[in-house]
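A.B. asks: Fold the stuff below for me.
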Amino acid sequence: MHARTSSDIQVWDAFVRIAHWTIALGFFVAYLTEDARQVHIWAGYVVGVLIVARVVWGFIGTRHARFADFVTGPVTASHYLWDLTRGRAKRYIGHSPAGGAMVIALLASLAATVSTGLIGYGQEGGGPLAPLYVETPPVDARTFTGQQNEGGDRRDENIVSDLHGAIANVTLGLVVFHILGVILASFMHQENLARAMVTGRKREGRQPPMSTSHGSPSNE
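C.D. replies: Have a look, this model is predicted:
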(Lines give C-alpha, C1' and ligand atoms only; values in the text may rest on other atoms or scores of the structure.)
Protein backbone atom coordinates (compact mmCIF):
# COMPACT_ATOMS: atom_id res chain seq x y z
CA MET A 1 0.00 0.00 0.00
CA HIS A 2 0.96 3.58 -0.59
CA ALA A 3 3.20 5.19 2.04
CA ARG A 4 2.95 8.86 2.86
CA THR A 5 5.03 11.13 0.66
CA SER A 6 5.50 14.85 0.24
CA SER A 7 2.89 14.78 -2.52
CA ASP A 8 0.14 13.70 -0.13
CA ILE A 9 -2.70 16.18 0.23
CA GLN A 10 -5.29 16.77 2.93
CA VAL A 11 -8.66 15.38 1.85
CA TRP A 12 -10.72 14.58 4.94
CA ASP A 13 -11.08 17.26 7.60
CA ALA A 14 -10.93 16.49 11.31
CA PHE A 15 -14.70 16.48 11.81
CA VAL A 16 -15.31 14.00 8.99
CA ARG A 17 -12.68 11.64 10.40
CA ILE A 18 -13.81 11.88 14.01
CA ALA A 19 -17.49 11.55 13.08
CA HIS A 20 -16.78 8.56 10.81
CA TRP A 21 -15.02 6.49 13.46
CA THR A 22 -17.19 7.62 16.36
CA ILE A 23 -20.39 6.75 14.48
CA ALA A 24 -18.93 3.35 13.59
CA LEU A 25 -17.93 2.71 17.21
CA GLY A 26 -21.25 3.97 18.54
CA PHE A 27 -23.24 1.76 16.19
CA PHE A 28 -21.35 -1.38 17.11
CA VAL A 29 -21.53 -0.59 20.83
CA ALA A 30 -25.29 -0.10 20.55
CA TYR A 31 -25.71 -3.20 18.39
CA LEU A 32 -23.80 -5.42 20.81
CA THR A 33 -25.23 -4.02 24.07
CA GLU A 34 -28.97 -4.36 23.62
CA ASP A 35 -29.22 -6.02 27.04
CA ALA A 36 -27.07 -3.34 28.69
CA ARG A 37 -29.87 -0.82 28.26
CA GLN A 38 -28.23 2.42 29.35
CA VAL A 39 -25.09 1.76 27.30
CA HIS A 40 -27.25 0.95 24.29
CA ILE A 41 -29.32 4.11 24.72
CA TRP A 42 -26.39 6.49 25.19
CA ALA A 43 -24.52 4.98 22.25
CA GLY A 44 -27.63 5.64 20.18
CA TYR A 45 -27.75 9.25 21.36
CA VAL A 46 -24.13 9.76 20.29
CA VAL A 47 -24.80 8.29 16.85
CA GLY A 48 -27.95 10.37 16.43
CA VAL A 49 -26.25 13.67 17.29
CA LEU A 50 -23.33 12.93 14.96
CA ILE A 51 -25.65 11.94 12.11
CA VAL A 52 -27.40 15.32 12.34
CA ALA A 53 -24.05 17.11 12.53
CA ARG A 54 -22.70 15.16 9.54
CA VAL A 55 -25.73 16.07 7.43
CA VAL A 56 -25.25 19.75 8.27
CA TRP A 57 -21.53 19.46 7.51
CA GLY A 58 -22.47 17.93 4.18
CA PHE A 59 -23.78 21.35 3.14
CA ILE A 60 -21.37 23.75 4.85
CA GLY A 61 -18.20 21.69 5.36
CA THR A 62 -14.94 21.43 3.48
CA ARG A 63 -14.89 20.53 -0.21
CA HIS A 64 -14.76 16.74 -0.06
CA ALA A 65 -17.12 16.60 2.92
CA ARG A 66 -19.93 18.23 0.96
CA PHE A 67 -22.64 16.16 -0.65
CA ALA A 68 -22.22 18.17 -3.83
CA ASP A 69 -18.73 16.70 -4.19
CA PHE A 70 -19.73 13.03 -4.19
CA VAL A 71 -23.47 12.51 -4.58
CA THR A 72 -24.25 11.24 -8.08
CA GLY A 73 -27.10 9.41 -9.74
CA PRO A 74 -27.64 5.64 -9.45
CA VAL A 75 -26.48 5.09 -13.04
CA THR A 76 -23.08 6.68 -12.36
CA ALA A 77 -22.68 4.71 -9.14
CA SER A 78 -23.63 1.47 -10.91
CA HIS A 79 -21.14 2.13 -13.71
CA TYR A 80 -18.40 2.77 -11.16
CA LEU A 81 -19.17 -0.48 -9.35
CA TRP A 82 -19.10 -2.38 -12.64
CA ASP A 83 -15.76 -0.85 -13.56
CA LEU A 84 -14.43 -1.57 -10.06
CA THR A 85 -15.23 -5.27 -10.33
CA ARG A 86 -13.48 -5.33 -13.71
CA GLY A 87 -10.40 -3.57 -12.35
CA ARG A 88 -10.67 -0.40 -14.38
CA ALA A 89 -12.51 2.07 -12.13
CA LYS A 90 -11.22 5.65 -12.09
CA ARG A 91 -9.62 6.97 -8.92
CA TYR A 92 -11.31 9.77 -7.01
CA ILE A 93 -9.65 12.04 -4.47
CA GLY A 94 -12.85 12.21 -2.42
CA HIS A 95 -15.60 9.63 -2.31
CA SER A 96 -16.18 7.66 -5.48
CA PRO A 97 -19.74 7.58 -6.91
CA ALA A 98 -20.34 4.21 -5.23
CA GLY A 99 -18.75 5.45 -2.02
CA GLY A 100 -20.99 8.50 -2.10
CA ALA A 101 -24.06 6.34 -2.58
CA MET A 102 -22.98 4.23 0.40
CA VAL A 103 -22.53 7.36 2.55
CA ILE A 104 -26.12 8.40 1.82
CA ALA A 105 -27.45 4.87 2.39
CA LEU A 106 -25.63 4.58 5.71
CA LEU A 107 -26.74 8.01 6.90
CA ALA A 108 -30.36 7.22 6.04
CA SER A 109 -30.23 3.76 7.61
CA LEU A 110 -28.52 5.00 10.76
CA ALA A 111 -31.02 7.86 11.05
CA ALA A 112 -33.90 5.37 10.74
CA THR A 113 -32.30 3.10 13.34
CA VAL A 114 -31.90 5.95 15.82
CA SER A 115 -35.37 7.33 15.10
CA THR A 116 -37.16 4.04 15.71
CA GLY A 117 -35.08 3.57 18.84
CA LEU A 118 -36.13 6.99 20.14
CA ILE A 119 -39.78 6.28 19.35
CA GLY A 120 -39.69 2.91 21.08
CA TYR A 121 -37.96 4.39 24.12
CA GLY A 122 -40.45 7.25 24.17
CA GLN A 123 -43.35 4.80 24.19
CA GLU A 124 -41.80 3.27 27.30
CA GLY A 125 -41.73 6.68 28.96
CA GLY A 126 -38.05 7.47 28.47
CA GLY A 127 -35.95 9.78 26.32
CA PRO A 128 -36.74 13.11 24.68
CA LEU A 129 -39.89 11.79 22.96
CA ALA A 130 -41.51 10.52 26.17
CA PRO A 131 -43.78 13.61 26.56
CA LEU A 132 -45.41 12.76 23.23
CA TYR A 133 -46.58 9.40 24.53
CA VAL A 134 -47.44 10.18 28.16
CA GLU A 135 -51.12 10.93 28.35
CA THR A 136 -53.53 11.08 31.26
CA PRO A 137 -56.88 9.64 30.11
CA PRO A 138 -60.18 10.72 31.65
CA VAL A 139 -61.43 8.83 34.72
CA ASP A 140 -64.01 6.87 32.72
CA ALA A 141 -61.41 5.87 30.16
CA ARG A 142 -59.03 4.68 32.89
CA THR A 143 -61.81 2.70 34.56
CA PHE A 144 -63.39 0.99 31.58
CA THR A 145 -60.78 0.90 28.82
CA GLY A 146 -57.45 1.11 30.59
CA GLN A 147 -56.62 -2.56 30.09
CA GLN A 148 -57.51 -2.42 26.40
CA ASN A 149 -55.43 0.71 25.85
CA GLU A 150 -52.47 -0.83 27.63
CA GLY A 151 -52.65 -3.86 25.35
CA GLY A 152 -52.80 -1.63 22.30
CA ASP A 153 -49.82 0.39 23.47
CA ARG A 154 -47.86 -2.79 24.08
CA ARG A 155 -48.54 -4.00 20.54
CA ASP A 156 -47.34 -0.65 19.17
CA GLU A 157 -44.16 -0.91 21.23
CA ASN A 158 -43.49 -4.39 19.90
CA ILE A 159 -43.95 -3.23 16.31
CA VAL A 160 -41.53 -0.33 16.76
CA SER A 161 -39.04 -2.56 18.58
CA ASP A 162 -39.14 -5.14 15.77
CA LEU A 163 -38.73 -2.41 13.17
CA HIS A 164 -35.81 -0.93 15.10
CA GLY A 165 -34.06 -4.30 15.15
CA ALA A 166 -34.73 -4.97 11.48
CA ILE A 167 -33.33 -1.61 10.38
CA ALA A 168 -30.29 -2.12 12.61
CA ASN A 169 -29.65 -5.42 10.82
CA VAL A 170 -29.96 -3.70 7.45
CA THR A 171 -27.46 -1.10 8.63
CA LEU A 172 -25.07 -3.85 9.68
CA GLY A 173 -25.36 -5.34 6.19
CA LEU A 174 -24.54 -1.98 4.64
CA VAL A 175 -21.51 -1.67 6.89
CA VAL A 176 -20.26 -5.06 5.71
CA PHE A 177 -20.67 -4.05 2.06
CA HIS A 178 -18.96 -0.74 2.80
CA ILE A 179 -15.95 -2.51 4.29
CA LEU A 180 -15.73 -4.90 1.35
CA GLY A 181 -15.90 -1.96 -1.06
CA VAL A 182 -13.14 -0.13 0.79
CA ILE A 183 -10.93 -3.23 0.68
CA LEU A 184 -11.54 -3.73 -3.04
CA ALA A 185 -10.94 -0.08 -3.93
CA SER A 186 -7.82 0.04 -1.73
CA PHE A 187 -6.39 -2.99 -3.49
CA MET A 188 -7.22 -1.70 -6.95
CA HIS A 189 -5.84 1.80 -6.45
CA GLN A 190 -2.95 0.66 -4.21
CA GLU A 191 -4.11 3.08 -1.54
CA ASN A 192 -5.03 2.41 2.08
CA LEU A 193 -8.42 4.12 2.26
CA ALA A 194 -8.99 3.16 5.89
CA ARG A 195 -5.73 4.84 6.88
CA ALA A 196 -6.68 7.88 4.82
CA MET A 197 -9.79 8.21 6.98
CA VAL A 198 -7.48 8.28 10.01
CA THR A 199 -4.83 10.69 8.73
CA GLY A 200 -7.08 12.61 6.37
CA ARG A 201 -4.40 12.47 3.67
CA LYS A 202 -4.27 10.77 0.28
CA ARG A 203 -1.73 10.85 -2.49
CA GLU A 204 -2.14 13.69 -4.91
CA GLY A 205 -3.79 12.91 -8.19
CA ARG A 206 -6.24 14.41 -10.59
CA GLN A 207 -9.89 13.74 -9.94
CA PRO A 208 -12.01 13.65 -13.10
CA PRO A 209 -14.72 16.30 -13.06
CA MET A 210 -18.37 15.30 -13.14
CA SER A 211 -19.93 15.40 -16.58
CA THR A 212 -23.18 17.34 -16.63
CA SER A 213 -24.33 15.76 -19.87
CA HIS A 214 -23.93 12.08 -19.05
CA GLY A 215 -23.80 12.07 -15.25
CA SER A 216 -20.49 10.21 -15.16
CA PRO A 217 -16.84 11.21 -14.82
CA SER A 218 -15.15 12.30 -18.00
CA ASN A 219 -11.87 10.78 -19.09
CA GLU A 220 -8.72 12.78 -18.70
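A.B. asks: Now name the helix or strand holding the residue nearest to F67 when sequence neighbours are not counted.
C.D. replies: Distances taken as CB to CB, 6 or more residues apart in numbering place G58 nearest to F67, at 4.4 Å, with adjacent residues excluded. In this view, the C-beta of every residue, glycine as well, is placed from N, C-alpha and C. Taking DSSP states H and E as the definition, G58 sits inside helix 37-60.
A.B. asks: Averaged pLDDT, that helix. What do you get?
C.D. replies: In this model, helix 37-60 carries a mean pLDDT of 97.
A.B. asks: Could you check stretch 117-129 and say which residues are buried?
C.D. replies: Using 16 or more other CB atoms under 10 Å as the test for burial, stretch 117-129 gives 117-123, 127, 129.
A.B. asks: which of the residues you listed lies closest to V160?
C.D. replies: Checking these against V160 by CB to CB gives G120 as the nearest, at 4.2 Å.
A.B. asks: In space, what's closest to the closest one - neighbours in sequence excluded?
C.D. replies: Computed as CB to CB, 6+ apart, the closest residue to G120 that is not its neighbour in sequence is V160, at 4.2 Å.
A.B. asks: same check, this time on E157
C.D. replies: Closest residue to E157 apart from its sequence neighbours, by CB to CB, 6+ apart: Q123 at 4.8 Å.
A.B. asks: Check the one you found and give its pLDDT.
C.D. replies: 91.
A.B. asks: That one: what's it in contact with?
C.D. replies: With contact set as CB atoms under 8 Å, 6 or more residues apart in numbering, Q123 has these partners: 133, 153, 156-157, 160.
A.B. asks: Toward the C-terminus, what is the element adjacent to the helix or strand bottoming out on mean pLDDT in the chain?
C.D. replies: Across the helices and strands of the chain, mean confidence by mean pLDDT, DSSP states H and E is lowest for helix 139-144: a mean of 44. The helix or strand immediately downstream of helix 139-144 is helix 146-189, counting by DSSP H and E.
A.B. asks: Distance from the chain centre to the very next helix or strand once past that next one, please.
C.D. replies: Downstream of helix 146-189, the next assigned helix or strand under DSSP H and E is helix 193-199. Relative to its chain's centre, helix 193-199 lies at 17 Å (CA atoms, centre = their mean, to the nearest Å).
A.B. asks: Okay, buried residues for the next helix-or-strand element following helix 193-199 please.
C.D. replies: The C-terminal neighbour of helix 193-199 among helices and strands, as given by DSSP H and E, is strand 201-203. For strand 201-203, a neighbour-count test (16+ other CB under 10 Å) marks 202-203 as buried.
A.B. asks: ok now strand 201-203, how far from the chain's centre?
C.D. replies: Taking CA atoms, centre = their mean, one finds the center of strand 201-203 at 23 Å from the center of the full chain.
A.B. asks: Partner strands of that strand and their direction?
C.D. replies: Strand 201-203 sits in its sheet next to strand 8-10 (antiparallel), going by DSSP bridges.
A.B. asks: so for the partner strand, what's the average pLDDT?
C.D. replies: Taken as a whole, strand 8-10 carries a mean pLDDT of 92.
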